[in-house]
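Enquirer: Here is a sequence together with a model predicted from it:
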There are 2 protein chains.
Amino acid sequence: MTAGPIRLSEGAHTALRPATAARITGGFWAARRRVNAEVSIAQGPRRLEEAGNLDNLRAAARAKSPGFTGDFQFQDSDVHKWLEAASWQLADGAAGAAGTAGTVGGELAREVGRLIELVAAAQDTDGYLQTYYQVRPGAQRWSELHWGHELYCAGHLIQAAVAHHRATGGAELLDVAVRFADHIDATFGPGKPVDAVCGHPEIETALVELYRETGERRHLDLAAYFMDRRGQGTLGDGAEDREADRRPGAPYWQDHAPVRDATEVTGHAVRQLYLLAGAADLAAETGDARLREALVRLWEDMAATKAYLTGGVGSRHDLEAFGDAYELPPDRAYAETCAAIASIQFGWRMALLTGEARYSDLIERTLYNGFLSGVSLDGDRWLYVNPLQVREDCTGPHGDQGARRTEWFRCACCPPNVMRLLASLPHYVASGDADGIQLHQYASGSYAAGGGAVRVGTGYPWEGRIAVVVDEVPGDGEWTLSLRVPHWADKYGVTVNGEPVAPRAENGWLRLRRRWRPGETVVLDLPLRPRLTRPDPRVDAVRGCVAIERGPLVYCLEEPDQPDGLRLDRVRLDPAATPTARHRPELLGGVTAITAGALRPRIRPEGWWPYADAKAPGEAGSAGGPGSPAAEPVRVTAIPYYAWANREAGAMRVWIPV
Amino acid sequence: MTAGPIRLSEGAHTALRPATAARITGGFWAARRRVNAEVSIAQGPRRLEEAGNLDNLRAAARAKSPGFTGDFQFQDSDVHKWLEAASWQLADGAAGAAGTAGTVGGELAREVGRLIELVAAAQDTDGYLQTYYQVRPGAQRWSELHWGHELYCAGHLIQAAVAHHRATGGAELLDVAVRFADHIDATFGPGKPVDAVCGHPEIETALVELYRETGERRHLDLAAYFMDRRGQGTLGDGAEDREADRRPGAPYWQDHAPVRDATEVTGHAVRQLYLLAGAADLAAETGDARLREALVRLWEDMAATKAYLTGGVGSRHDLEAFGDAYELPPDRAYAETCAAIASIQFGWRMALLTGEARYSDLIERTLYNGFLSGVSLDGDRWLYVNPLQVREDCTGPHGDQGARRTEWFRCACCPPNVMRLLASLPHYVASGDADGIQLHQYASGSYAAGGGAVRVGTGYPWEGRIAVVVDEVPGDGEWTLSLRVPHWADKYGVTVNGEPVAPRAENGWLRLRRRWRPGETVVLDLPLRPRLTRPDPRVDAVRGCVAIERGPLVYCLEEPDQPDGLRLDRVRLDPAATPTARHRPELLGGVTAITAGALRPRIRPEGWWPYADAKAPGEAGSAGGPGSPAAEPVRVTAIPYYAWANREAGAMRVWIPV
């Protein structure tokens, strides 16, 4: 039985089903997951102690004098998310994954036990649990649903409990979660004390998963109630709590329209995407066709008009929100790490629901870029926002969260969110159906799904060769091995047992159907030449620019890798010079860097006004008139975007003018 | 004696001095000022009544039960700013300006008297006056200097009082202001109860002007104390009051560095520019060379790297702040109306201080564009933020303040600020020195300065001809008439009494020195051909675009003027087709519109991902492959930017791809 974050019920209406076993044992993601286990997750309890989250639990348990530490109603959710991450990590350790939990497993299990005890002790006798409303003087439960985050915290508690139960079989936390869910069930609903929704979705996806874990229909019904109840303006526009003229408005918490009627993703990005993840869970369990149609429509709106090249979403600093279509500024990109995670969670549910490869295509892009940039290479510093451009003066007084990593945040939603996604990552790699297995991502490891099992070995994303060995096949071996071909892979090669085969991918799936015998091997060769990518012309903010990509990786120019004194605010890529790739084990933990020809314009003395007549010679603020060389050639070096901001703060850019 | 907002002391260290009389009697600005007087200012008391500002004053005067209306500590400042605007308007009426105060003068004077009575009655016996801290339960004066806005409100009260005293000679409000200033003087300073600054600068410029009005040195010293005290981190970073990780930080209120040491404009734009206006006032009165150097440096930083083509400044929605250098997104431009006003106020003080034309060059640009866009053509609807681009879906759930005008704001700083600037506008037109008069702006009217007087007649900005008649000259008539030649005027003609003369402008000043006789006439012809303007290549957000300008006006494409069905998110300007101008009296109150050749690309069916290989044919999301016509020619119509958003909400853009 899988210990992954989704376990569909028997009758679920999905095209695909999660893997029944999944382990990442080597390669790129194993290394990132080792750091996640040994640094990020291992340090979690200390961070939570320092930030006061654990004191809040003790205060609620009356073991310490009352008083609330921290700025936010949702401080508890950091603990819950860490517990979820640690539980998935324990599951991985129990499965014997090399080098990860093995070294930290015993200690980690003790820490998990200790924190679960704190959480359990904090729970009120009626099942309620949110320390902010339990210990903060004057705070009253269910009194400010729009900002209170009570059901949001409950959702994270439930997810942690499900993870812990799946990973260890222990019911200590699950009992806490079920008691709270039952209290919520008794409190919320038509004719019950409260008939309303929470300002921050999350409970929906959690309750569906709780239903899958307990089999109790009431949990699913409660999730459906919250989904149906949203979009009726229950939450108001938040005007009373915020600066006037800055009230978030009903779209902020997706309360302006029911999910089934919504035409575009809008409002706070994490809220929107947690909601849609929950809606996809519901659609999977209920088969609701209108809901499913809305989900496809909303995902397409997000992917086609509101996603950065990195997969990052939610472009606005203001309210951490989705912007208008094509409003995708690289410098002021918000692209919160949590929003990337939420996009992956939503996308994976859509992949299972529909079986379509495009969802995993965007998941791959997001994983390798806009998600992974959220954590430092050494695993203990974080980015909350993930811009695609940082200017030279980023260390000046304007500097904000974008340009530098931080050890922890006062609003620390992102770090434990990264931890739980990396800890459960094996379960985003493969799925199965009656006909076979589908490999959505390429990570060295072993995966069981669709009644069979395969082993994958690859140096991806540095190398394009992916070897898949069939270990087990069901029945007579007539079975389909489906390999996802990323949308950027214009050419690729496939061999079966060394013999080239020539099926073409359809809608992103390369389907190899035959009578398989254990030990047979498929090799997929994806082309990893560096490529230049241009934006849709409606993405105004990066007009006239290209980005460098290679395989699933988006690249960026970062200051430390460039020739001395080259300013990234003036460099121009030479589209005639072919970029070249070279693997550099010494650089940033080992990356394939790309060098490209570029021009360094000479800057003439600056005037006081940065706009000039379009007919004047030269360009405003740039190299001078006729006869003088306008620019000198240089070579610039690009690194994978995920690895930026691991050295001294400096300029960076993904989109480069040509 | 001038009734304008600046009256330098006798020994002030400036290159130029304000006009001693100034009236705008016709043309473009007279029309805008008539609407300002008859609609905007006339409706002010009703708006203030509806918003509760007047009730707050009554509450403080104990004429009504206590209780505070409104969201902000600084609600009183709306009243003060309206009183200042109305006072300047009364001054204008007293001077007999045609068509403005004449029709509303008596009524307006009564309203001013009524509101002054309310303000005076609200003042505490010790001189303190801010209703928020007087009537709001629990609020304590001087207890939260960073957000309290007490000295900010005091500053606006003082400015209103000075305006009223200058305009009418009446001391009712000036007495209130002096009592409050003396209370502040007794409260703030080394060894006094409070040794700190206010989170929002404004008191500094007000106290210098109060010194100029009363001749009391202590007001100037207090201004100098506040200026010197700032930049020492007194205010903290605001962390305790804001969402964590969103604390504004010391640069927000310019408390990170003393003005004399600052290297760039940063933080909240209005705070920054009010502070610099006050610093310029101080430098004028004290001759402080280091302060003056800093002011030049900071103005250059603003103009060269942080100003929109419209003159708008403060690009970030987040914290209403200046962004990094060249961070000038057109769509998410904040460019608050108040920041444009503050820029004009700062710039005018720099123009007087230095005598340099460039300051008035930027003032002109700001006046006609980023400032004037803040008020509707009919004078009763407002923009708080002034974007340079609004996309097609601006009416969707993302829609924010940018795309639509509002009748009033809960944070209503902008409307009365527009009123006071328009009411005092004549005083930004001319200055004088021992040698003659300088015309900084071109508005039909009469101006006395430098010992003489001139009359100006012009159809500017629609027509480029400016006629100046010399009315009076001092002494033997040896005198210099200086005309500012805008930086965009590459060619221009000048005649004196009909005879062409050929002096060239130096640093923006065309200086006509001769022995003048009354009645002599100078005609300046400025070239008003439509021109295409390109940005500095470091302004990433508008790369590959041009803007249409004509004279001082920035133009924009707005949806209602375009061919049916043309989407502004895809249109491209044809740089080969020369734009043509035509005056259209029926359009938007009478504007010169510009038509230009453009291309309407055909859009191919969209995929789910808006980025594509740069080598692929066509462009991502755009018209198709070889052989199919990629675009059809159309003609687009541009209107002056200031006139946008006066019809149904729709798409608009200043910067157009080529």
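Expert: That came through fine. Please read these numbers as outputs of a predicted model, since none were measured by experiment.

Enquirer: All the strands of the stretch 1-150 of chain A, residue numbers only.
Expert: Counting by DSSP state E, counting those that start in this stretch, the segments of the stretch 1-150 of chain A that form strands are A:17-18, A:21-24.

Enquirer: I meant the stretch 351-500 of chain A, not that one.
Expert: So, for the stretch 351-500 of chain A - with DSSP E, counting those that start in this stretch - the strands run A:389-390, A:430-433, A:436-439, A:445-449, A:452-458, A:465-472, A:478-484, A:493-496, A:499-501.

Enquirer: Which one, of those, ends up nearest to A:V79?
Expert: A:V79 lies closest, by C-beta to C-beta, to one member of the strands of the stretch 351-500 of chain A: strand A:445-449, at 29.5 Å. Heads up, the C-betas are built off the backbone N, CA and C, glycines and all.

Enquirer: For that closest one, give the mean pLDDT please.
Expert: What strand A:445-449 shows for mean pLDDT is 98.

Enquirer: what angle sits between it and strand A:465-472?
Expert: Put simply, strand A:445-449 runs at 50 degrees to strand A:465-472, going by axes from the mean of the first three to the mean of the last three C-alpha atoms, to 10 degrees.

Enquirer: Within its sheet, name the partner strands of strand A:445-449 and how each one runs.
Expert: Each strand paired with strand A:445-449, and its direction, by DSSP bridges: strand A:21-24 (antiparallel), strand A:452-458 (antiparallel).

Enquirer: Could you dump the ones you listed into JSON lines and include mean neighbour count and mean pLDDT?
Expert: Listed next are these as JSON lines, based on neighbours: other C-beta atoms under 10 Å in any protein chain shown; pLDDT from 0 to 100:
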{"stretch": "strand A:21-24", "mean neighbour count": "23", "mean pLDDT": "97"}
{"stretch": "strand A:452-458", "mean neighbour count": "22", "mean pLDDT": "98"}
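
Enquirer: Redo the ones you listed as TSV? Include distance to B:L291.
Expert: Shown next, in TSV, are the strands paired with strand A:445-449 (distance: least, C-beta to C-beta, whole Å):
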stretch	distance to B:L291
strand A:21-24	62
strand A:452-458	64
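
Enquirer: Quick one: closest of those to B:E84.
Expert: Per C-beta to C-beta, nearest to B:E84 of those: strand A:21-24, 67.9 Å.

Enquirer: what sits against A:A502?
Expert: A:V494 (C-beta atoms under 8 Å, 6 or more residues apart in numbering or on different chains).

Enquirer: Can you tell me how far it is from chain B?
Expert: 23 Å (C-beta to the nearest C-beta, to the nearest Å).

Enquirer: Show me which residues of stretch A:586-598 are buried.
Expert: A:L587, A:L588, A:V591, A:T592, A:A593, A:I594, A:T595, A:A596, A:G597, A:A598 (16 or more other C-beta atoms under 10 Å in any protein chain shown).

Enquirer: where in chain A is pLDDT low?
Expert: Across chain A, the ranges flagged by pLDDT under 70 are A:1-2, A:63-66, A:94-105, A:238-247, A:394-403, A:603-606, A:617-630.

Enquirer: what residues go with each domain of it?
Expert: Domain ranges of chain A: A:25-238+A:250-428, A:430-525, A:532-657, per automatic domain parsing.

Enquirer: Please identify the most buried of the ones you listed.
Expert: domain A:25-238+A:250-428 (a mean of 22; mean count of other C-beta atoms under 10 Å in any protein chain shown).

Enquirer: what helix or strand is A:D569 on?
Expert: Applying DSSP states H and E as the criterion places A:D569 outside every helix and strand.

Enquirer: With adjacent residues omitted, what lies nearest to it?
Expert: Spatial nearest neighbour of A:D569, excluding adjacent residues (C-beta to C-beta, 6 or more residues apart in numbering or on different chains): B:R538 at 4.9 Å.

Enquirer: Please report how far that neighbour lies from B:Q272.
Expert: 21 Å (C-beta to C-beta, to the nearest Å).

Enquirer: Then A:Q389?
Expert: 24 Å.

Enquirer: One more: A:L275?
Expert: 39 Å.
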